[in-house]
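Trainee: 3D model of this:
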Amino acid sequence: MLPAYESARLQSSKEPDSAGGPDPDRAGDEDWPTLVVQAGYSESYNYLFRDMARWFVLSNHDVKIVLLVHWNRQTREITLERWEEEERSSPAREGVNVRILKCQQTIIITRHRCRGEPFGNMYMEAVAGGDIVLKFSSLFLREPRGRPESDIVVTEGD
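Mentor: Residues are numbered from 1 along each chain as shown. All right, here's what the predicted structure looks like:
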């Protein structure tokens with residue numbers, strides 16, 4: 001189970017919208033969650049993106065996955081992005097690896113008003129982008145030990 005983290009902070013005044021981590025917790029008083037949800041309605045996408053990127057750096061890369069959730073008021077779409085770091089060799093410095101942020105998955109949820117009788121006041125949501133997959137090893141910092149441990153999959157139908 002992923003316990004909630006109420007005290008994980010990005011800065012002295014910044015806390016995640018939601019976060020969780022391995023059970024048992026990592027050793028130390030300043031444990032960082034492995035999963036952070038950074039969501040916003042009033043914040044711009046650029047503001048959310050900047051906060052998302054900071055989670056990886058300020059946690060010293062202890063945060064493994066950030067789900068960035070942005071609601072666009074004009075299009076009435078919710079965009080969910082799954083961000084993770086990838087390690088690559090530096091093109092500028094031989095033998096040096098760098099971490100880069102990579103959007104591993106984008107899901108778009110749209111809401112449409114149903115037309116005609118008897119659906120005049122009803123809405124239907126459409127999900128595009130596939131199932132959300134959270135790697136077990138990224139969340140719990142170890143490989144699964146057989147059933148029932150596995151990646152967490154949230155299907156489009158969920």
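
Trainee: Can you show me the helices along the protein?
Mentor: Counting by DSSP state H, the chain has these helices, from start to end: 45-58, 136-140.

Trainee: Same list, the ones you listed, but as a markdown table with mean pLDDT and mean neighbour count please.
Mentor: Bear in mind the C-beta positions are built from the backbone N, C-alpha and C, glycine included. Converted to a markdown table, those look like this (pLDDT from 0 to 100; neighbours: other Cβ atoms under 10 Å):
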| stretch | mean pLDDT | mean neighbour count |
| --- | --- | --- |
| helix 45-58 | 92 | 17 |
| helix 136-140 | 91 | 16 |
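
Trainee: Tabulate the ones you listed in TSV, adding columns for distance to L67.
Mentor: Output for those, formatted as TSV (distance: least, Cβ to Cβ, whole Å):
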stretch	distance to L67
helix 45-58	9
helix 136-140	12
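
Trainee: which stretch among those comes nearest I152?
Mentor: helix 136-140 (7.1 Å; Cβ to Cβ).

Trainee: Contact partners for the nearest residue to E125 once chain neighbours are set aside?
Mentor: In space, not counting the residues next to it along the chain, E125 is nearest to R111; the distance is 5.3 Å by Cβ to Cβ, 6 or more residues apart in numbering. Residues near R111 by Cβ atoms under 8 Å, 6 or more residues apart in numbering: 76, 123-126.
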